[in-house]
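Peer 1: Quick one: sequence plus predicted model below, questions after.
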Amino acid sequence: MSVSNNDTSKEDTGTFLDRLGHTLTQQPFYHAGGWLAFLVLLVLMQWRIGDFSFGLSAANEAINIVFYIIVVYINLLYLFPQYLKKGQYWTYLLLLLGVALIFTPLKLVLKYFLFSKVGSIQEDILNNLYAYFFSTFLVAGLSTVGKIMIDWIVQNRKKTVTQNESMQSELRFLKSQINPHFLFNTLNSLYALTLKKDDKAPDIVIKLSEMMRYMLYECNEPRVPLSKEINYLKNYLDLERLRQRKGIDIQLKVNGNVSDQMIAPLMLIPFLENSFKHGVNANIKDGFVVATLNVEPKAVHFILENSKGSQMPSQLHGNRPSGGIGLVNVRRRLDLLYKGCYELNIRESPSTYAVHLDLELAPASLVKLPPSSSFDSSSHGTEVFR
């Protein structure tokens, strides 16, 4: 029973602290805390510098704070939004001066009669009329500066959030366009093989299942392990080997140590898709697709070369060449995810098409990529998939 009561007491205490924390973070409490801190500062300064007792200093500065609050909130709630934000700068300045001119004498008259028995305070009021006016105007002006800074910070935060949401939406849209045609083609091939009762059909089902699992469940993260991305490329090429006619040379070479590197998902596959669309079609007698991935601790260098037909394959509807959106999408994704951290070079000849992508997997300040001036893909791979 006591244990139950202790648990209930702890739960009630936690709930109370949560509510207290939520309440204390509301805007009125920020304002109240700020004014209280300002009051304590003024009291300590007058108590240390002046000839007044602590109690007298507190009463004197409390009156100052009350009038500061009135002037500041007239400024923030009326003058600032109605005049300054609308560009009426001179009108705003004159009205702010007018508010200081109205409330400073009211404050001084009140203090003069309240402290009628304290000659030193009355003497201080009479000798420092201009200083009192200036202090009131200065506090109002500082509230304007603070308001401008806070509005700027809030607007920048909203802008950043909006940009991030827009970028994430665009990335999701771009990623969704990457593979539908490949999936349809693979399903068509699978259907044809099942009609023939071909032994390759189960292999296609397994490979396609692995790829779908990767796309649906693992590609939702902003970065995925490079090893999984490579495995996805291998599955893709294995399916293409099953689909393509005999005599097509399809290779993927991976050089270097693949360990804990992370990469944006589905970043390299559009290049391979594009190479099969345009590099291995019925117009090419001996087609080839040769990809090399050189892996470094903080960077990857992707080199792809494929044969090229004399004519670009067209869509079934319309005259635009198929797959044209692929490279547009991948360039856009690179700009969104790796801006300033990649270099993409594309070289085209009458019979071949070559892509060289240097991609930093860490901030540019940590990794300096070598210049990409060559398309030599003849380096010996430590691992070759055929």
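Peer 2: Noted; the coordinates are in hand.
Peer 1: What segments of the protein are helices?
Peer 2: Secondary structure of the chain by DSSP state H: the helices cover 2-24, 27-49, 54-74, 89-114, 119-127, 129-176, 180-196, 201-213, 226-243, 269-279, 324-337.
Peer 1: tell me the angle the second one makes with helix 54-74.
Peer 2: Put plainly, it is helix 27-49. Per axes from the mean of the first three to the mean of the last three C-alpha atoms, to 10 degrees, the angle that helix 27-49 makes with helix 54-74 is 140 degrees.
Peer 1: Now helix 27-49 - C-alpha only, CSV.
Peer 2: C-alpha atoms of helix 27-49 as CSV (Å, rounded to 0.1, in the frame of the first residue of the first chain):
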residue,chain,number,x,y,z
GLN,A,27,5.4,34.8,-22.6
PRO,A,28,3.8,36.6,-19.5
PHE,A,29,6.3,34.9,-17.2
TYR,A,30,9.2,35.9,-19.4
HIS,A,31,8.1,39.5,-19.3
ALA,A,32,7.5,39.4,-15.5
GLY,A,33,10.9,37.8,-14.9
GLY,A,34,12.6,40.4,-17.1
TRP,A,35,10.9,43.4,-15.3
LEU,A,36,11.7,41.8,-11.9
ALA,A,37,15.4,41.4,-12.8
PHE,A,38,15.4,45.0,-14.1
LEU,A,39,13.9,46.3,-10.8
VAL,A,40,16.5,44.4,-8.7
LEU,A,41,19.3,45.9,-10.8
LEU,A,42,18.0,49.4,-10.5
VAL,A,43,17.5,49.1,-6.7
LEU,A,44,21.0,47.7,-6.2
MET,A,45,22.5,50.4,-8.3
GLN,A,46,20.7,53.2,-6.4
TRP,A,47,21.3,51.6,-3.1
ARG,A,48,25.0,51.3,-3.7
ILE,A,49,25.5,54.7,-5.4
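Peer 1: sorry, back to before: Throw the helices of the chain into TSV and include mean neighbour count, thanks.
Peer 2: Heads up, the C-betas are built off the backbone N, CA and C, glycines and all. Output for these, formatted as TSV (neighbours: other C-beta atoms under 10 Å):
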stretch	mean neighbour count
helix 2-24	10
helix 27-49	13
helix 54-74	17
helix 89-114	15
helix 119-127	13
helix 129-176	13
helix 180-196	14
helix 201-213	15
helix 226-243	19
helix 269-279	22
helix 324-337	16
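Peer 1: Residue ranges in the stretch 201-350 of the chain under the pLDDT threshold?
Peer 2: For the stretch 201-350 of the chain, the stretches with pLDDT under 70 are 245, 247, 279-285, 309-326.
Peer 1: Would you mind pulling the contact partners of stretch 223-235?
Peer 2: 207, 210-211, 214, 218, 252, 254, 258, 260-269, 272, 291, 293, 295, 300, 361, 385 (C-beta atoms under 8 Å, 6 or more residues apart in numbering).
Peer 1: buried subset of the residues you listed?
Peer 2: Among these, those classed as buried by 16 or more other C-beta atoms under 10 Å are 207, 211, 214, 252, 254, 258, 261-269, 272, 291, 293, 295, 300, 361, 385.
Peer 1: As JSON lines, the helices of the chain with distance to Phe80 would be great.
Peer 2: JSON lines is the format used below for these (distance: least, C-beta to C-beta, whole Å):
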{"stretch": "helix 2-24", "distance to Phe80": "26"}
{"stretch": "helix 27-49", "distance to Phe80": "15"}
{"stretch": "helix 54-74", "distance to Phe80": "9"}
{"stretch": "helix 89-114", "distance to Phe80": "8"}
{"stretch": "helix 119-127", "distance to Phe80": "29"}
{"stretch": "helix 129-176", "distance to Phe80": "6"}
{"stretch": "helix 180-196", "distance to Phe80": "53"}
{"stretch": "helix 201-213", "distance to Phe80": "56"}
{"stretch": "helix 226-243", "distance to Phe80": "53"}
{"stretch": "helix 269-279", "distance to Phe80": "51"}
{"stretch": "helix 324-337", "distance to Phe80": "38"}
